[in-house]
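Peer 1: Fold the following for me, if possible:
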Amino acid sequence: MEATQKSSAKTGQRAAFPEDVINEDLVREYEASEVRHARCEIRNRLKWVRQHLNREMNLPLSAWYLLDELIGMTHDVDWAGGPITVWPSNELMMTWLDISERQLQVLLTKLRKAHMICYIDSPTRQRWGRRDPSTGRILEAYGIDLRPLAQRVPKLIELAEAAQRDRHDAIQRRRQAKAMLARIGEYIRTARKELDERPGAANDNWDSFTQELARASALIEPKRVTLGVLDKALELLRPLEARVRKAIARLFRPKAPLDQPAIRGSQKESSPTGESQFTHKTTTKPLSSNEETVGLSGTRVGGSDRAQSSNEHASGDGRADNRASTHRSERSNRVQDNARWAADHLRDYKITELALLTACPSVREMGDPALDPADWTWSDIKRAVLESLSIMGVGAHAWKSLRAELGDHGACVAGAIITEKFTQGARGHAPAVANPGGYAYWIARRAKDERFLDLGPKVHALLKSPRCAE
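Peer 2: Prediction:
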């Protein structure tokens, strides 16, 4: 019986674990370091660390509450140097959290394994301590030591900041991936509907596109996805979207390019070969000097009572031709002036081909991916802009209006800006552009009526957008 009592008596020695060795090293590093933190600063930062790093540390919320209570028992003078020890009883800590003694032991073990606390044991393993009455410093104490936490706080803050950045990047990439999935899915549904209505239309492998879209969607379907998996999904979706956009552009390609006016009716087909050599005078019977025609009255609402001779008729046609020629000349001069004005504007803001492609990555995606951005010319940009405007449903007249008011280069810059803003709006990075065609008309009308052009500032604003930094 006496042997049993001796074996169950407390020896004052605690079993050593590998984490205790790490905690002792942290205590020595804290004593050798000159960096100190205030108690209030530690508590505030610890709440921020818990918010952003608890998933990696895997500590229960009650363990963080217990640690906060232990920090609250310390004095400000303890964090200026020396031991940071508290000696609460188990009953007091159980009262803080309203838990059992076994649950308390589990929480203390988790904090010790997380290198937040360590123990300074007395010979009897009882917690007690005494302070200097004048300074409040700890003279002797046995209990729970918080120096491992004090040493780890700067490193924990760095880890929390990295976790916060990763979580922010993951949220942004998930939004990009979801927006890209929605766009590609809408492209595929539109193409299938068009193929059902027009069986003879240009048919790409849309089943393959659907399978690739399903594989990328499966990667981001789980609730918690790492940043690497999201990057892999975006690597699959970006080239897929470029191929789908080109395929749907081929499917809906207009019969006439945007930079050429559409042919109305069958006038061109019915015209004879060499039609430029024929005029109204050469294809109709010429009037003799004795023939008379009926001219318009002064009010131009009916025939006049005075007969008009063929000479007067010919002179009237000549005046009309002169007026038409003058009108065409004035219009050509105005277009040239507008083109020079827009070119000066772009030159003042240093809008080069490379700057425009950097500000508008969506235009670059419409071209050859193997072509370096530095090798692009205005002709390459024009082809990419025309293709993107066709996909967005911008008609030929809107493009013609842009060219008339801004010239070729100014129209290319305006089309690139519309394409990029429409893409960013679809991806959730900016307000959505509901009507790209109306946007094009607005730019042209403002340049014509108000003589105001802000393409340069718009390009520089896009250069500062987060999409250009990716």
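
Peer 1: got the contact list for residue 190?
Peer 2: When contacts are counted by Cβ atoms under 8 Å, 6 or more residues apart in numbering, residue 190 is found next to residue 248. For every residue, glycine as well, the C-beta is placed using N, CA and C.

Peer 1: Okay, it and residue 226: tell me how far apart.
Peer 2: Taking Cβ to Cβ, to the nearest Å as the measure, residue 190 falls 33 Å from residue 226.

Peer 1: ok, now residue 37?
Peer 2: Residue 37 sits 32 Å away from residue 226 when distances are taken as Cβ to Cβ.

Peer 1: Give the closest residue to residue 243 in space, chain neighbours not counted.
Peer 2: The shortest distance from residue 243 to any residue that is not its chain neighbour, by Cβ to Cβ, 6 or more residues apart in numbering, is 7.3 Å, and that residue is residue 209.

Peer 1: Please point out which parts of the helix or strand that neighbour falls within sit buried.
Peer 2: Assigning secondary structure by DSSP states H and E places residue 209 in helix 206-219. For helix 206-219, the buried set under the neighbour-count rule, 16 or more other Cβ atoms under 10 Å, comprises 206, 209, 212-213, 216-217, 219.

Peer 1: Residue ranges in the stretch 151-300 of the chain under the pLDDT threshold?
Peer 2: 199-204, 253-300 (pLDDT under 70).

Peer 1: can you give me the strands for it?
Peer 2: Remark: strands assigned in the stretch 151-300 of the chain by DSSP state E, counting those that start in this stretch are 292-296.

Peer 1: So which residues of it form helices?
Peer 2: 206-219, 227-251, 267-270 (DSSP state H, counting those that start in this stretch).

Peer 1: okay, the ones you listed in a markdown table with distance to residue 414 next?
Peer 2: As requested, these are arranged in a markdown table below (distance: least, Cβ to Cβ, whole Å):
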| stretch | distance to residue 414 |
| --- | --- |
| helix 206-219 | 31 |
| helix 227-251 | 20 |
| helix 267-270 | 30 |
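
Peer 1: Of the ones you listed, which is nearest residue 21?
Peer 2: When those are compared for distance to residue 21 using Cβ to Cβ, the nearest one is helix 227-251, at 33.1 Å.

Peer 1: For that closest one, buried residues please.
Peer 2: In terms of neighbour count (16+ other Cβ under 10 Å), helix 227-251 has its buried residues at 229-230, 233-234, 236-238, 240-245, 247-249, 251.

Peer 1: circling back: please identify which of the helices of the stretch 151-300 of the chain is closest to residue 437.
Peer 2: With Cβ to Cβ as the measure, helix 227-251 is the member of these nearest residue 437 (16.5 Å).

Peer 1: Next secondary structure element downstream of the one helix or strand residue 108 maps to?
Peer 2: With elements delineated by DSSP H and E, residue 108 resides in helix 101-113, which encompasses its position. Taking DSSP H and E as the definition, the helix or strand that follows helix 101-113 towards the C-terminus is strand 118-120.

Peer 1: ok, that following strand: who's next to it in the sheet?
Peer 2: Partner strands and pairing direction for strand 118-120 (DSSP bridges) are strand 138-145 (antiparallel).

Peer 1: what does the average pLDDT come to for the strand it pairs with?
Peer 2: Strand 138-145 carries an average pLDDT of 88.

Peer 1: Would you mind getting the angle between that strand and helix 101-113?
Peer 2: Orientation note: strand 138-145 sits at an angle of 100 degrees relative to helix 101-113 (axes from the mean of the first three to the mean of the last three Cα atoms, to 10 degrees).

Peer 1: Tell me which residues of strand 138-145 come out buried.
Peer 2: 138, 141-145.

Peer 1: Adding distance to residue 83, write these out as TSV.
Peer 2: As requested, the buried residues of strand 138-145 are exported to TSV (distance: Cβ to Cβ, whole Å):
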residue	distance to residue 83
138	5
141	6
142	10
143	10
144	11
145	6
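
Peer 1: how about the residues you listed, which pair is most distant?
Peer 2: For the buried residues of strand 138-145, and using Cβ to Cβ, no pair is farther apart than 138 and 144, which are 12.6 Å apart.

Peer 1: Residues that sit against both of these two, list them.
Peer 2: Shared contacts of residue 138 and residue 144, counting by Cβ under 8 Å, 6+ apart, come down to residue 85.

Peer 1: Which one of the buried residues of strand 138-145 is nearest to residue 96?
Peer 2: Closest to residue 96, out of all of the buried residues of strand 138-145 and judged by Cβ to Cβ, is residue 144, at 13.1 Å.

Peer 1: Residue 393 versus that closest one, what's the distance?
Peer 2: Taking Cβ to Cβ as the measure, residue 144 and residue 393 are separated by 69 Å.

Peer 1: cool, and residue 422?
Peer 2: When distance is defined by Cβ to Cβ, residue 422 is 10 Å away from residue 393.

Peer 1: repeat for residue 177
Peer 2: The gap separating residue 177 from residue 393 is 25 Å, by Cβ to Cβ.

Peer 1: in what helix or strand does the nearest residue to residue 364 once chain neighbours are set aside lie?
Peer 2: Spatially, and ignoring its direct neighbours in sequence, residue 364 is nearest to residue 357 (4.9 Å; Cβ to Cβ, 6+ apart). Using DSSP H and E, the secondary-structure element containing residue 357 is helix 353-359.

Peer 1: what's the distance between that helix and the middle of its chain?
Peer 2: Its chain's C-alpha centre lies 17 Å from the corresponding centre of helix 353-359 when counted by Cα atoms, centre = their mean, to the nearest Å.

Peer 1: And the next helix or strand past it?
Peer 2: Using DSSP H and E, the helix or strand that follows helix 353-359 towards the C-terminus is helix 361-366.

Peer 1: packing partners for that following helix?
Peer 2: For helix 361-366, the contact count by 3 or more Cβ pairs under 8 Å, 6 or more residues apart in numbering; DSSP states H and E identifies helix 227-251, helix 353-359, helix 378-392, helix 396-426 as packing neighbours.
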